[in-house]
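[1] Pasting the sequence and the predicted model now:
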Amino acid sequence: MNEHETHLSPKAKKIITIVSLVIFVLFFAAIAWFVGRPMLKFVKEPEQFRAWVDGHGIVGQLAFIGMQVLQVVVAVIPGEPLELGAGYAFGVFGGLVLCLIGVFIGGAIIFALTRWLGMKALEAFFPREKIESLKFLQNEKRLELIAFILFFIPGTPKDLLTYFGGLTPIKWYKWLLITTFARVPSIITSVIAGNALGQKDYTLAIVITAATLVISAAGLVVYGVITKKRRDKAKAEEAAAEAEAEADEEE
């Protein structure tokens, strides 16, 4: 333990924590405003974006991966425009691969961040009640399967789930592999829609977008059912454990 840390009072530690959190929030807010907004505006101009990509070759691909990483880490930046842009500029396969690489790298950064900062990292972006709704994952016995299902279903709050991974007991490489490849269905639909726009197949783009909205709405309902069931189960197990502990004390 650092020698200076032993002399910090609880009040001083609290102040340091609050200041660190404020700096953390302001830093990512600044990135979202000064980098995220222009980035999304650029991607939303598909012809210009594809022309820029075509003119920069591998640099354009690396730049897009960087954009995807930024979107994953700064949770307030929406991911849908980037996925559509990927399909428009790189095609279905290329767009999917680049999105998955960016998601993997961004997920690794977030996992390390939340393992280091703990709950403060989540509270910077998400309301407390949403964080509390996922507390059951910390003690979930079938965590790998549940994580895959939650990321596989379109419409689930993947930004929140991504940030929560570092607070669970799962190994980092398992979490990253599971959550990256489980995202394929939700990413590929957007990429296909973007590619359809690039091919001027507007009917296909509209059909895919409409189908995605319907599936996402259904996925959100399924997510609510799964998380409620798991929360209730966790509460029941906690209550049973407390009752057993009290019984042992009485004996």
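    Yep, it's here. Predicted, not measured: the structure shown is a model, and the values here were computed from it.

[2] where in the stretch 51-200 of the chain is pLDDT low?
    121, 124, 140 (pLDDT under 70).

[3] which residues of it fall in helices?
    Ranges of helices in the stretch 51-200 of the chain, per DSSP state H, counting those that start in this stretch, are 58-73, 80-117, 119-123, 128-132, 143-152, 158-164, 172-181, 184-198.

[4] Let's have these in JSON lines, adding mean neighbour count and distance to Phe49.
    (Each C-beta comes from the backbone N, C-alpha and C, glycine too.) Output for the helices of the stretch 51-200 of the chain, formatted as JSON lines (neighbours: other CB atoms under 10 Å; distance: least, CB to CB, whole Å):
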{"stretch": "helix 58-73", "mean neighbour count": "19", "distance to Phe49": "9"}
{"stretch": "helix 80-117", "mean neighbour count": "21", "distance to Phe49": "6"}
{"stretch": "helix 119-123", "mean neighbour count": "18", "distance to Phe49": "31"}
{"stretch": "helix 128-132", "mean neighbour count": "11", "distance to Phe49": "32"}
{"stretch": "helix 143-152", "mean neighbour count": "18", "distance to Phe49": "27"}
{"stretch": "helix 158-164", "mean neighbour count": "21", "distance to Phe49": "23"}
{"stretch": "helix 172-181", "mean neighbour count": "17", "distance to Phe49": "24"}
{"stretch": "helix 184-198", "mean neighbour count": "22", "distance to Phe49": "10"}
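
[5] What mean pLDDT does the longest helix along the chain get?
    Of all the segments assigned as helix in the chain under DSSP state H, the longest by residue count is helix 202-250. Taken as a whole, helix 202-250 has a mean pLDDT of 78.

[6] and it with helix 80-117, angle?
    Here helix 202-250 points in a direction 20 degrees away from that of helix 80-117 (axes from the mean of the first three to the mean of the last three CA atoms, to 10 degrees).

[7] helices and strands around helix 202-250, which ones?
    Applying 3 or more CB pairs under 8 Å, 6 or more residues apart in numbering; DSSP states H and E, we find helix 202-250 packed against helix 143-152, helix 184-198.

[8] who touches the shortest one?
    When contacts are taken as CB atoms under 8 Å, 6 or more residues apart in numbering, the neighbours of helix 143-152 outside the stretch itself are 137, 140, 156, 158, 161, 165, 168-170, 174-175, 178-179, 182-183, 185, 223, 226, 230.

[9] and of the helices of the stretch 51-200 of the chain, who's closest to Pro46?
    helix 80-117 (4.5 Å; CB to CB).

[10] Figure out how far that closest one is from the centre of its chain.
    With CA atoms, centre = their mean, to the nearest Å as the basis, helix 80-117 stands 10 Å off its chain's centre.

[11] same question, stretch 123-135
    13 Å.

[12] now do stretch 68-88
    The answer for stretch 68-88 is 11 Å, by CA atoms, centre = their mean.

[13] Repeat that for stretch 53-62.
    On CA atoms, centre = their mean, the centre of stretch 53-62 falls 26 Å from the chain's centre.

[14] and the angle for the longest helix of the chain with helix 184-198?
    Using the same axes, to 10 degrees: helix 202-250 against helix 184-198 is 160 degrees.

[15] Nice, that's everything, thank you.
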